[in-house]
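S.K.: sequence plus predicted model, see below.
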Amino acid sequence: MQKFTTLTGVAAPLEIINVDTDMIIPKQYLKTIKRTGLGTGLFSEMRYNEDGSDNPDFVLNKPGYKAATILVAGDNFGCGSSREHAPWALVDYGIRCVISTSFADIFYNNCFNNGLLPAIVSREDLDKLFDDANRGANATLTIDLEAQEIRGPDGGVVKFEIDPQRKHKLLNGLDDIGETVHARGPAIDAYEQRIAGNRPWL
């Protein structure tokens, strides 16, 4: 999993509350178990017209936001079903951080296993970040995970809280399995060597 330390990029404003996982990645894209290729389906029902052409009114189709790596979103982002395809699609598109006042629990937990930072801020701070994000190509934010800061284009700073263990996982690029191997590597190696000696037929 890719490490997350600092990120500087264009922030796209998605001023919609209760964006559920079916809006993030509709059900027709759930047939795959691969983490790649889902970026094309991200927000597809809002992003594309019925004929498959780009919807020019959707934020990620606007010239200033096509290369966005940060999403500033309304309350309760990622609600609905528990599909892990939702963070897969965001990361595959290029989004590495979603900022909101709140996230659905399962989506929030899935983010940390896929290198995606869900940053929770206050309502007041979210409104400031929406103002920053509405600047188009000039809507550049810097996310500093170590300092737990979001820095705006005018030098303003917004702080966010994060569980220390989840912060450690993102900083070091560790999902749940990687974290286990990292923390218990020598013990796992010793166990496997003991089993190989006691049960050579395995």
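M.R.: Cool, got the structure.
S.K.: going forward, measure contacts between C-alpha atoms and count neighbours the same way
M.R.: Noted.
S.K.: so what's Thr69 closest to, chain neighbours aside?
M.R.: Ile95 (4.1 Å; C-alpha to C-alpha, 6 or more residues apart in numbering).
S.K.: quick one, what contacts Glu146?
M.R.: Residues in contact with Glu146 (C-alpha atoms under 8 Å, 6 or more residues apart in numbering) are Thr5, Thr6, Lys167, Leu171.
S.K.: in helices only, show me those.
M.R.: Those of the contacts of Glu146 mapping onto helices are Lys167, Leu171, per DSSP state H.
S.K.: which SSE is Ile129 in?
M.R.: Quick fix: residue 129 is Leu, not Ile. Taking DSSP states H and E as the criterion, Leu129 maps to helix 123-133.
S.K.: give the burial count for Lys3, as a bare number.
M.R.: As a burial measure, Lys3 scores 15 neighbours (other C-alpha atoms under 10 Å).
S.K.: now for the helix holding Leu129, which elements pack on it?
M.R.: With contacts defined as 3 or more C-alpha pairs under 8 Å, 6 or more residues apart in numbering; DSSP states H and E, helix 123-133 has these neighbours: strand 6-14, strand 70-73.
S.K.: and for it, what's in contact with it?
M.R.: 10-13, 15, 72, 99-101, 139-140, 152-153, 158.
S.K.: next, the angle from it to strand 6-14.
M.R.: 90 degrees (axes from the mean of the first three to the mean of the last three C-alpha atoms, to 10 degrees).
S.K.: what's the first helix or strand after helix 123-133?
M.R.: strand 140-144.
S.K.: return the alpha-carbon coordinates of that following strand using PDB.
M.R.: Only the C-alpha atoms of strand 140-144 are listed here, as PDB (Å, rounded to 0.1, in the frame of the first residue of the first chain):
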ATOM      1  CA  THR A 140      -4.600  23.800  -4.000                       C
ATOM      2  CA  LEU A 141      -4.400  22.400  -0.500                       C
ATOM      3  CA  THR A 142      -1.600  20.700   1.300                       C
ATOM      4  CA  ILE A 143      -2.300  17.800   3.700                       C
ATOM      5  CA  ASP A 144       0.400  17.100   6.200                       C
END
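S.K.: report all helices and strands that the following helix or strand past that strand contacts.
M.R.: Where DSSP H and E defines the elements, the next helix or strand beyond strand 140-144 is strand 149-151. Strand 149-151 sits against strand 140-144, strand 157-159, with contacts defined as 3+ C-alpha pairs under 8 Å, 6+ apart.
S.K.: the first one - contacts with which helices or strands?
M.R.: When contacts are defined as 3+ C-alpha pairs under 8 Å, 6+ apart, strand 140-144 sits against strand 6-14, strand 149-151.
S.K.: ok, and what's touching that strand?
M.R.: Contacts for strand 140-144 (C-alpha under 8 Å, 6+ apart): 5-11, 70, 132-133, 149-153.
S.K.: let's see the pLDDT reported for the residue positioned nearest the centre of the chain.
M.R.: By C-alpha atoms, centre = their mean, the chain has its centre lying nearest to Leu116, at 3.0 Å. With respect to pLDDT, Leu116 has a value of 97.
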